Structures are given as C-alpha cells and as structure tokens.
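**Q** Turn this into a model:
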Amino acid sequence: MTQSAPHTTAGRGVPEPEFTAVVREKKILAEGVAGLALARIDGVPLPPWRPGAHVDLVLADGLVRQYSLCGDPADGETYRIAVLREQEGRGGSAHVHDAVAVGDPIRVRGPRNHFELRPAPSYLFVAGGIGITPLVPMIAEAEAEGAEWRLLYGGRSHRSMAFLDTLSRYGDRVLIHPQDVHGLLDLPEFLGGPVEGTLVYGCGPQPLLKAMEDACAAWPYGTLHVERFAPEQPIHTDGDAEFEVVLARSGVTLTVGPAQTILECVEAAGVPVLSSCQEGTCGTCETEIIEGVPDHRDSVLTEDDRASGEVMMICVSRCRGERLVLDL
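**A** Down below sits the predicted model:
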C-alpha cells in the first residue's frame with residue numbers, strides 16, 4: 001500500500017543521480033542508531049527531495065543499502081540519514097557503524113520516493129523503532145502546512161528511540177510509547193475510526209504494519225500509506241515455472257528459470273540495469289512492461305499500479321503467463 005511517486009530508473013532509460021558524497025558528521029542518535037550528515041564532495045547542490053524519500057549508499061564490497069532521508073528538504077547542501085545497527089542484518093548497518101568515519105567519501109544514488117506525503121487537512125503517523133526516520137520530515141511539512149496531526153511512536157525503550165529531542169517541541173501531539181514501559185502500541189485506541197480528510201502514514205517492522213493494515217481494513221481506499229524495510233512475501237514459491245522475457249531495446253530473449261529472478265537473468269546476459277535491495281522494497285529496478293501479465297511480489301507498488309500492468313520490480317516479480325516483453 002506504499003504510494004508511488006514519479007522517479008527515474010534504468011528501466012525507463014534515464015539514470016538516477018549518482019554522486020560521491022563526504023561524511024561531514026557522524027553521531028549517536030540513540031542506542032544502536034548512528035546519524036550521518038552527507039554533502040557532495042564537489043560542492044554541487046544535492047538533488048532535491050521531498051519527505052518520504054530515501055537514498056542508496058553504495059558501500060564497500062558491493063554492499064548497497066537504502067536509508068530514509070530525515071533532515072530538512074530545504075537544505076540543499078546536506079542529506080541526513082539514521083542507521084540502526086541490525087544484529088541479523090546483511091552487513092550494511094555494521095559497516096556504517098564500524099567502518100564509516102567523518103571525512104570518508106561515500107557513493108550515493110538517488111533520491112527516490114515511493115512514500116511521498118500527500119496533501120491532506122490531517123494526518124495520523126505511526127512509527128516503530130527506526131521507522132521514525134521518514135516520518136520526521138513528514139511531520140515538519142504537515143506542521144508547516146498548518147495540518148492537524150498526531151504521532152504514535154513506539155520502540156524497545158527510551159534509550160533506543162531516536163529524534164526524541166526533535167519531537168519534544170511538538171508537545172502532546174507526539175505520544176512516546178517505549179515497549180518496556182507501555183507494552184505494545186494500542187493502534188485501535190490511537191487510530192479510532194476513519195475521519196474524512198485524514199491520511200494515515202506508518203513505517204516500522206512488519207508486525208506493526210500488518211496490525212495497521214488490519215486496523216484500517218474498513219477505512220476508505222487510499223487512506224493508509226506504509227513503507228516497509230523488509231519484503232512482504234517470499235521471492236520464490238513452489239509453484240514457480242520458467243518463462244520467457246524479451247528485452248525490447250536490447251533485442252535479447254531470455255528464459256527465466258523457476259529459481260531465478262528476472263534481474264538475475266538479465267544481469268547474467270550482460271544487460272545493465274540499476275538495482276539495489278533485490279527484495280522488492282526500494283523501487284530501484286522498476287521496469288516498464290510492454291507486453292505480458294506480471295506476477296507482482298514487491299512491497300512498493302500500489303494496488304492501482306499493479307492493476308495497470310505498466311511497471312514491475314524485476315528483482316522479485318515474475319510472469320503470470322509464458323512471456324513478458326520489457327523495456328530493457
């Protein structure tokens with residue numbers, strides 16, 4: 001249910017911004033959370049962004065990881081991100097915490113935005129843990145626009161919750177609920193019933209987002225907007241079969257095997273395409289469909305996007321028939 005916004009991808013034939021930045025600042029924002037301030041190494045203004053956007057950090061040894069921008073969109077000189085050290089992660093967060101230092105160059109790709117704040121007279125924001133990062137600039141924009149809003153922010157403990165000082169200036173519109181004090185978030189109590197003109201934005205771990213979807217199941221379509229940091233469904237299933245992919249611009253026809261992704265097949269054929277998360281959560285590999293019916297398995301596109309059959313995320317999604325023709 002994450003909302004899509006216009007952006008550029010290799011699949012559309014237009015490369016995303018990619019540049020070298022330098023780490024201007026690194027500090028601890030909370031227990032296990034490091035904050036980085038990044039500026040272009042050449043002094044050129046950074047690409048503009050809106051609340052909800054994220055960038056890729058291209059790290060050592062081919063690691064590419066996505067992090068939400070949590071600073072001020074009006075600051076054209078600095079990107080700010082917050083990185084949670086994930087004990088069960090794939091090495092990206094550990095690299096940022098342990099190896100990245102002030103003064104280091106770092107490759108940045110993007111920004112892109114599948115979680116853009118839509119105009120509305122009022123908002124309900126729900127954050128779980130590091131899911132607060134995209135919501136901080138959203139709240140600032142809602143405040144600047146004079147909208148009504150409230151935030152419910154949960155975490156393991158006060159010590160683990162970033163941006164508490166930043167949020168404190170908003171007073172009782174911000175409800176801080178560390179789990180070790182209050183237990184799990186009471187979503188029905190906070191969300192109440194649907195109110196015309198109110199949009200709901202949530203970001204955090206999968207159980208929280210699932211609970212939000214359940215709580216908002218009867219609300220009008222388009223009310224709830226969520227962003228996931230992990231895939232919503234498995235990439236492969238037992239029923240997967242091989243299918244044919246025609247790359248229209250490259251003039252290549254490929255066979256994608258049952259245990260293979262389209263992205264893997266395309267890359268093995270030597271056709272360049274931008275990708276990042278390889279699990280359907282970042283939107284980097286979005287590709288236009290010329291012909292065929294996709295089997296969407298991403299966690300990015302809206303239901304309307306999926307129904308249109310115009311684009312797909314080739315790192316996870318497949319074909320519902322025997323043949324796809326893609327704009328690659």
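**Q** count of residues packed around residue 113?
**A** Residue 113 has 22 neighbouring residues, counting by other CB atoms under 10 Å. The C-beta positions use only the backbone N, C-alpha and C, and glycine is treated the same way.
**Q** Residue 220 now?
**A** Using other CB under 10 Å, residue 220 has 10 neighbouring residues.
**Q** Isn't it up against residue 195?
**A** No: counting by CB atoms under 8 Å, residue 220 stays clear of residue 195, with 10.1 Å between them.
**Q** which residues of the stretch 101-250 of the chain fall in strands?
**A** Along the stretch 101-250 of the chain, the segments classed as strands by DSSP state E, counting those that start in this stretch run 105-112, 122-128, 148-155, 174-178, 198-204, 224-228, 243-247.
**Q** can you list contacts of the fifth one?
**A** It stands for strand 198-204. Contacts with strand 198-204, where a contact means CB atoms under 8 Å, 6 or more residues apart in numbering, come from 68, 115, 117-118, 120-135, 138, 154, 191, 208-209, 212, 216, 219, 223-227, 229.
**Q** and those, which are buried?
**A** Using 16 or more other CB atoms under 10 Å as the burial test, the contacts of strand 198-204 include 68, 115, 117, 120, 123-135, 138, 154, 191, 208-209, 212, 216, 219, 223-227, 229 as buried.
**Q** So, low pLDDT: which residues of the stretch 101-250 of the chain?
**A** In the predicted model, the stretch 101-250 of the chain carries pLDDT under 70 at residues 230-234.
**Q** and residue 167, how far is that from residue 74?
**A** Computed as CB to CB, to the nearest Å, the residue 167 to residue 74 distance reads 19 Å.
**Q** no wait, residue 86
**A** As for residue 86, its distance to residue 74 is 30 Å (criterion: CB to CB).
**Q** Tell me, how many residues neighbour the nearest residue to residue 91 once chain neighbours are set aside?
**A** Nearest in space to residue 91, with sequence neighbours left out and distances taken as CB to CB, 6 or more residues apart in numbering, is residue 63 at 6.1 Å. Using other CB under 10 Å, residue 63 is surrounded by 15 other residues.
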